[in-house]
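**Student:** Here is a sequence with its predicted model. Questions after.
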Amino acid sequence: MSTAVARRRIGYRWTVCALLFAVTTVNYIDRQVLGILAPTLQHELHWSESAYGDVVSWFSLVYAFGFLLAGRWLDRVGVRRGFAVAVVAWSVAAIAHAFARTTAGFSAARALLGLGESANFPGAIKTVAEWFPKRERALATGIFNAGTNTGAILTPLLVPWIVLRWGWQWAFIATGSLGFLWLVLWLALYRSPETHPRVTPDELAHIRSDPDEEADSTVPWIRLLGVRQTWAFAVGKLLADPIWWFYLYWLPKFLDSTYGIKLAHVALPLIVVYLVADAGSVGGGWLSSVLIKRGWTVNRARKTAMLAMALLIVPTALAPLAGSMWAAVAIVSVAAAAHQAWSANVYTLASDMFPRAAVGSVVGIGAFAGAMGGVLFQRVTGRILEANGNDYTPIFIICGLAYVSAWTIIHFLAPRLEPATTR
């Protein structure tokens with residue numbers, strides 16, 4: 001009896017959140033395999049720094065345009081069908097890396113992976129908006145977004161072990177197959193809240209408890225682009241997302257070139273970075289949710305949490321000057337945790353300011369901006385490193401200042417996080 005009561009109190013919406021966490025973990029495993037193997041593949045395929053930067057930028061470029069399509073498409077077809085198609089697409093693309101032998105082949109595989117993976121975050125944010133009231137969304141977003149760090153932790157554990165036994169091709173095949181396992185669970189467990197047999201009337205009333213929540217029809221892009229709230233969200237992604245991708249794709253190379261950390265020993269420092277980042281992802285969403293429950297306005301709670309994280313990231317500029325590998329790892333770990341806390345709150349801004357029917361499109365627009373920033377940053381990073389002899393200092397200075405700049409612009413564009421007028 002007590003177990004049944006506890007289950008009702010927890011609610012099925014947290015099972016849905018667990019599914020989102022799992023798919024985000026798979027998403028980042030598939031995404032990060034290339035970063036772990038970068039030194040190995042560069043040696044085997046004779047890539048320059050700029051060539052590697054160009055290869056990974058193809059993911060970001062197609063990912064950016066895929067976001068625009070994915071957000072609109074998910075608003076039309078729904079997340080159950082949309083996620084299923086997307087996971088199949090990116091799993092096939094991840095496996096395709098195993099059969100690439102040239103820079104062009106890897107670029108094509110990265111582009112296809114970017115197209116499929118572009119649906120993950122618009123789909124997850126839209127799912128959270130459908131399953132959670134506003135006061136719980138930052139926490140739910142923080143939980144599923146922690147899958148990015150979990151994926152980044154598992155990848156350096158799995159990939160070297162697979163490579164040293166069976167070769168780098170099997171690293172792509174084995175990790176790319178994980179999406180199909182998740183797909184079985186998704187199709188078996190997911191339905192919309194209104195039609196799901198495991199959702200009680202009490203839980204459905206809780207999910208729909210926001211009095212001002214709207215259920216509008218799809219909002220045209222031109223109308224979304226005409227409001228400041230869309231641009232506020234886009235700036236939060238434009239200036240922060242490229243920094244996270246820099247950690248994902250270049251951190252193993254930074255540790256290799258600066259401290260001589262090779263494939264067999266790269267797991268431990270990366271695990272430390274992303275374990276700390278996991279705590280930041282959940283903690284950032286928890287912080288603003290707790291502040292709201294204590295009576296703070298959504299605007300004050302979100303902005304306070306985001307500003308605190310932006311200030312924690314500023315010391316990242318000192319990472320290349322650290323006296324030891326572990327000192328650099330400590331600095332980057334704090335920055336990665338603060339980024340994830342920032343990200344949990346920025347994602348929630350979309351559902352704070354827009355009706356559910358527009359959330360997928362708004363997230364798609366913002367993520368497009370972030371990915372296009374990533375394209376530029378990846379290409380510039382490779383060329384800076386070639387020009388200055390692998391000195392990462394100017395790149396880390398940009399990383400340290402990006403979030404404070406983003407917070408300032410967001411506050412200017414959306415000083416009260418007021419709901420956007422989309423009619």
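**Tutor:** Received, thanks.
**Student:** contacts, neighbours, all on C-alpha from now
**Tutor:** Will do.
**Student:** Now for Gly323, how many residues are close by?
**Tutor:** 9 (other Cα atoms under 10 Å).
**Student:** Same question for Tyr190.
**Tutor:** For Tyr190, the neighbour count with other Cα under 10 Å is 15.
**Student:** Surely it touches Arg80?
**Tutor:** Yes. Between Tyr190 and Arg80 there is a contact under Cα atoms under 8 Å: 6.7 Å.
**Student:** gap between stretch 102-118 and the chain center?
**Tutor:** From the chain centre to the centre of stretch 102-118 is a distance of 18 Å (Cα atoms, centre = their mean, to the nearest Å).
**Student:** list the buried ones in that stretch?
**Tutor:** For stretch 102-118, burial by neighbour count (16 or more other Cα atoms under 10 Å) applies to 103, 105-118.
**Student:** Now do the helix or strand harbouring Ile365, average pLDDT.
**Tutor:** For Ile365, the host element (DSSP states H and E) is helix 356-388. Confidence for helix 356-388, expressed as mean pLDDT, is 86.
**Student:** Same question for it: list its buried residues.
**Tutor:** For helix 356-388, a neighbour-count test (16+ other Cα under 10 Å) marks 356-385 as buried.
**Student:** so how far is Arg72 from Val56?
**Tutor:** Distance of Val56 to Arg72, computed by Cα to Cα, to the nearest Å: 25 Å.
**Student:** same question, Trp168
**Tutor:** Trp168 sits at a distance of 36 Å from Arg72 (criterion: Cα to Cα).
**Student:** Spell out the residue ranges of the helices in the stretch 201-350 of the chain.
**Tutor:** Secondary structure of the stretch 201-350 of the chain by DSSP state H, counting those that start in this stretch: the helices cover 201-207, 221-224, 228-238, 241-259, 267-293, 298-313, 325-353.
**Student:** Would you mind telling me which of the ones you listed is nearest Ala319?
**Tutor:** helix 325-353 (4.9 Å; Cα to Cα).
**Student:** chain center to that closest one, what's the gap?
**Tutor:** Per Cα atoms, centre = their mean, the displacement of helix 325-353 from the mean C-alpha position of its chain is 10 Å.
**Student:** try stretch 24-35
**Tutor:** How far stretch 24-35 lies from its chain's middle: 11 Å, per Cα atoms, centre = their mean.
**Student:** CA atoms only for it - export them in PDB, please.
**Tutor:** Coordinates of each C-alpha in stretch 24-35 appear next as PDB, following Å, rounded to 0.1, in the frame of the first residue of the first chain:
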ATOM      1  CA  THR A  24      20.600  12.300 -24.100                       C
ATOM      2  CA  THR A  25      23.300  10.000 -22.800                       C
ATOM      3  CA  VAL A  26      23.300   8.000 -26.000                       C
ATOM      4  CA  ASN A  27      23.300  11.200 -28.000                       C
ATOM      5  CA  TYR A  28      26.500  12.400 -26.400                       C
ATOM      6  CA  ILE A  29      28.200   9.000 -26.500                       C
ATOM      7  CA  ASP A  30      27.700   9.000 -30.300                       C
ATOM      8  CA  ARG A  31      28.800  12.600 -30.600                       C
ATOM      9  CA  GLN A  32      32.000  12.300 -28.500                       C
ATOM     10  CA  VAL A  33      33.500   9.100 -29.900                       C
ATOM     11  CA  LEU A  34      35.300  11.200 -32.600                       C
ATOM     12  CA  GLY A  35      36.700  13.600 -29.900                       C
END
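**Student:** sorry, back to before: arrange the helices of the stretch 201-350 of the chain in CSV, one row each, with mean neighbour count, mean pLDDT and distance to Thr150 as further columns.
**Tutor:** Shown next, in CSV, are the helices of the stretch 201-350 of the chain (neighbours: other Cα atoms under 10 Å; pLDDT from 0 to 100; distance: least, Cα to Cα, whole Å):
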stretch, mean neighbour count, mean pLDDT, distance to Thr150
helix 201-207, 15, 84, 27
helix 221-224, 14, 84, 33
helix 228-238, 24, 95, 21
helix 241-259, 20, 88, 12
helix 267-293, 23, 85, 7
helix 298-313, 21, 95, 20
helix 325-353, 25, 91, 12
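**Student:** Of all those, which one comes closest to Leu139?
**Tutor:** The nearest among these, by Cα to Cα, is helix 267-293 at 4.2 Å.
**Student:** Which neighbouring elements make contact with the closest one?
**Tutor:** In terms of contacts (3 or more Cα pairs under 8 Å, 6 or more residues apart in numbering; DSSP states H and E), helix 267-293 is packed against helix 134-166, helix 298-313, helix 325-353.
**Student:** List of residues touching the second one?
**Tutor:** The contact list for helix 298-313 (Cα atoms under 8 Å, 6 or more residues apart in numbering) reads 284, 287-289, 291-292, 334-335, 338-339, 341-342, 345-346, 352, 399-401, 403-404, 407, 411, 415-417.
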